[in-house]
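*Asks:* What would the 3D arrangement of this be:
(2 chains)
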Amino acid sequence: MPMGPKMKMNKQLHSERQAIQYLLGSLSVAEMEKLDALSFTDSQFAGELTAAEHDLVDAYVHGELTDDTLKQFESHYLASPLRREKVEFARTFQLYANANAPQASEYFAAAQSDTRRPAAGLFSLLSIFQNQSPAWRWSFAFAAIVLLAVGGWWTFSNYSGRNDHVVASFVLAPPLRGSAQVPTLPIPKKSGEVAIQLELEANDYPTYLVALLEQPDNRSLWSSAKVSAKTTGTGQALNISFPAALLKGRTYVLQVRGIPANGEPEIVGDYPFKL
Amino acid sequence: MQQTKLKKDWSLTTVALDRLLNWLDEGASSEGQGYLEMRRRLVAYFDRKNCPVPDELADETINRVARRLEEVDAIETETPARFCYITARFVFLEYLRTRAKDQRLRSEFFRESGHEQEDPGDEESKARMLKCLEECADKLDPANKKLIFRYYVGEERVKIENRRALARALGITMNALSIRACRIREQLELCVRERIGRGNETVSE
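*Replies:* From the prediction side, this is the model:
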């Protein structure tokens, strides 16, 4: 079960797992009483317990709980009307949070303030619906959630009036290990250029090379010049762009190689995507 | 006997409440926030114990603590938080004993404890909660609103990476970010609950 960020309990090394077990009523009586007392006397623990509870409830709402954890959640946690209310709130909250994701993307936008093109993104389109009826807005919100769930990436399309061609811009998060999900990039047909920001897990090299490989045969379609990582609102990332006309197939990989100060390029990671 | 009667009839007076607030604040003035936080912890404690009326037991605990303060003027052997916990534990044990004697209450409890499946037909209440949430979110400070929806978006690793990135962007630790987001969410949840409650009162009037 995903546990969210690791918690450092004040003075005592309680793990988040233990907090979850406490919330699910699956600790021994002695351990329960110990944490009962801490939930009053240790403000940090009280706060972290609340955070763990939010993550637990969100994981249930997302269908991420499995096996014994799910059984305990349903038999113990949902036994309380107050906690069932929390689950109901979490469902509504997630819906609303996902629908409001474009506002969150302002963190990215701020980091990209050096870009010359004004952003007018797909998610910014949500603002168009702000004056529409709730039904319209939430229908659109559902569509946005589906997009987010598929790839966990952010996308927005830009239009450059000066060059009179469409630039489709995307941000790709580092690929999830073992994940079968490949993000779909909805590149408009009229796009002249595709700009992608590749978020790095770590910036370990002074420069990088990025290659666009068509799948399934790994045919190289394009290679970047040496690029350096830029600091963004979310960490370090590589900004690349290539002609949209190169994309005639369906599935691709952007392969990132790091160039050490001395030595041969080393593969850092593959960022798959499909059209 | 007389003392028992007095305890039973005791109610929280303005003077007793002021004394309780000061004692909970331990010298600093929190303008009632210390009291609210303690009550929140008490409700959460009784709720984790699967008590069907956590609010009532929390208030009973607070009354007992206030009464004790009135009797002794100062409780110096324990910190306020620790003393509240000890009192809550007694209240809980008493509740268990009462429940064991009261078959009617117990059967009600088990009925309450059954896992109620989500009612798919309750779209109206969902829509109302969503509307309340939207209204409450609009009342948030813009920076907090941005933070909360950035913090909770995504699933599994994407969510964790989002949080790391957000903490970096804000220049704070993950732990500090988590606590900040938690408080905002609690604030939202409380606001939604109050609005829904007010709506129910209006309907029943």
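*Asks:* top helix in chain B by residue count?
*Replies:* When chain B is parsed with DSSP state H, its longest helix is helix B:174-204.
*Asks:* Please name the nearest non-neighbouring residue to the spatially most central residue of chain B.
*Replies:* For chain B, the residue nearest the mean C-alpha position is residue B:40 (2.7 Å; CA atoms, centre = their mean). Spatially, and ignoring its direct neighbours in sequence, residue B:40 is nearest to residue B:186 (8.0 Å; CB to CB, 6 or more residues apart in numbering or on different chains). Just so you know, the C-beta spots here come from the backbone N, C-alpha and C atoms, and that holds for glycine as well.
*Asks:* Kindly report the same for residue B:74.
*Replies:* Nearest non-adjacent residue to residue B:74, counting by CB to CB, 6+ apart: residue B:23, 7.6 Å away.
*Asks:* burial count for that neighbour?
*Replies:* Other residues within reach of residue B:23, judged by other CB atoms under 10 Å in any protein chain shown, total 19.
*Asks:* what do you get for residue A:35?
*Replies:* Residue A:35: 22 neighbours (other CB under 10 Å).
*Asks:* so it makes contact with residue A:27?
*Replies:* Yes: contact criterion CB atoms under 8 Å: residue A:35 and residue A:27 qualify, at 7.1 Å.
*Asks:* list residues touching both of these two?
*Replies:* Here residue A:35 and residue A:27 have residue A:18 as joint contacts, going by CB atoms under 8 Å, 6 or more residues apart in numbering or on different chains.
*Asks:* ok so residue A:192 is a strand residue?
*Replies:* Yes: looking at residue A:192 with DSSP: H, G, I helix; E, B strand; the rest coil, it is inside a strand.
*Asks:* Flag the shaky bits of chain A, pLDDT-wise.
*Replies:* Counting by pLDDT under 70, chain A contains low-confidence residues at A:1-14, A:100-166, A:176-181, A:233.
*Asks:* how about the helices of it, start to end?
*Replies:* A:16-23, A:29-41, A:43-61, A:67-75, A:81-99, A:101-104, A:106-111, A:134-151.
*Asks:* Compare those and report which one is nearest to residue B:173.
*Replies:* helix A:43-61 (12.0 Å; CB to CB).
*Asks:* That closest one and chain B, are they touching?
*Replies:* Yes: interface with chain B: helix A:43-61 contributes A:46-48, A:50-51, A:54, A:58 (CB under 8 Å from any CB of the partner chain).
*Asks:* how much space between the residue nearest to the centre of chain B and residue A:82?
*Replies:* 12 Å (CB to CB, to the nearest Å).
*Asks:* go on, residue A:27?
*Replies:* 20 Å.
*Asks:* same question, residue A:271
*Replies:* Per CB to CB, residue A:271 is found 44 Å from residue A:82.
*Asks:* one step back: in contact with the residue nearest to residue B:74: list those residues for me.
*Replies:* When contacts are counted by CB under 8 Å, 6+ apart, residue B:23 touches B:69, B:74-75, B:80.
*Asks:* Do you have the helices of chain B handy? List them.
*Replies:* B:2-9, B:14-25, B:33-48, B:54-72, B:80-101, B:103-113, B:123-139, B:142-151, B:156-170, B:174-204.
*Asks:* Mean pLDDT for these - can I get that in TSV?
*Replies:* Below are the helices of chain B laid out as TSV (pLDDT from 0 to 100):
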stretch	mean pLDDT
helix B:2-9	52
helix B:14-25	85
helix B:33-48	91
helix B:54-72	90
helix B:80-101	89
helix B:103-113	53
helix B:123-139	85
helix B:142-151	84
helix B:156-170	80
helix B:174-204	80
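*Asks:* Out of those, which is closest to residue A:199?
*Replies:* Among the helices of chain B, the nearest to residue A:199 by CB to CB is helix B:156-170 (7.9 Å).
*Asks:* Now look at that closest one and say if it contacts chain A.
*Replies:* Yes: contact of helix B:156-170 with chain A (CB under 8 Å from any CB) involves B:156-166, B:168-169.
*Asks:* Tell me what angle that helix forms with helix B:142-151.
*Replies:* The directions of helix B:156-170 and helix B:142-151 differ by 150 degrees, with axes from the mean of the first three to the mean of the last three CA atoms, to 10 degrees as the criterion.
*Asks:* For helix B:156-170, buried residues please.
*Replies:* B:156, B:158-170 (16 or more other CB atoms under 10 Å in any protein chain shown).
*Asks:* Most widely separated two among the contacts of residue B:23?
*Replies:* Spatially, the most separated pair among the contacts of residue B:23 is B:74 and B:80, at 10.9 Å (CB to CB).
*Asks:* quick one, which of these two is more surrounded?
*Replies:* residue B:80 (19 against 8).
*Asks:* Same drill for residue A:271 and residue A:82, tell me which one is more crowded.
*Replies:* residue A:271 (22 against 18).
*Asks:* Give me the spatial nearest neighbour of the more buried one, chain neighbours excluded.
*Replies:* residue A:254 is the one closest to residue A:271 (CB to CB, 6+ apart), at 4.3 Å.
*Asks:* Was I right to think residue B:89 contacts residue A:32?
*Replies:* No: judged on CB under 8 Å, residue B:89 makes no contact with residue A:32 at a distance of 11.4 Å.
*Asks:* what about the strands in the stretch 101-250 of chain A?
*Replies:* A:154-160, A:165-172, A:191-200, A:207-214, A:219-223, A:230-232, A:235-243 (DSSP state E, counting those that start in this stretch).
*Asks:* Summarise which helices and strands the last one is packed against.
*Replies:* In terms of contact count using 3 or more CB pairs under 8 Å, 6 or more residues apart in numbering or on different chains; DSSP states H and E, strand A:235-243 is assigned the packing partners strand A:191-200, strand A:207-214, strand A:219-223, strand A:230-232, helix B:156-170.
*Asks:* in stretch A:32-48, what's buried?
*Replies:* A:32, A:35-42, A:45-48.
*Asks:* and what of stretch A:242-250?
*Replies:* Residues A:242, A:244, A:247 are the ones in stretch A:242-250 that count as buried (16+ other CB under 10 Å).
*Asks:* Test my guess that the first one contacts residue A:192.
*Replies:* This points to residue A:242. No: assessed by CB under 8 Å, residue A:242 is found out of contact with residue A:192, at 10.8 Å.
*Asks:* what about residue 69, how many neighbours?
*Replies:* Since you didn't name a chain, this refers to chain A. Each residue near residue A:69 was counted by other CB under 10 Å, and the total is 20.
*Asks:* sorry, should have said chain B
*Replies:* So residue B:69, with other CB under 10 Å, has 19 neighbours.
*Asks:* Tell me which residues touch the residue lying closest to it once chain neighbours are set aside, please.
*Replies:* Spatial nearest neighbour of residue B:69, excluding adjacent residues (CB to CB, 6+ apart): residue B:19 at 5.3 Å. Neighbour list for residue B:19: B:66, B:69-70 [criterion: CB under 8 Å, 6+ apart].
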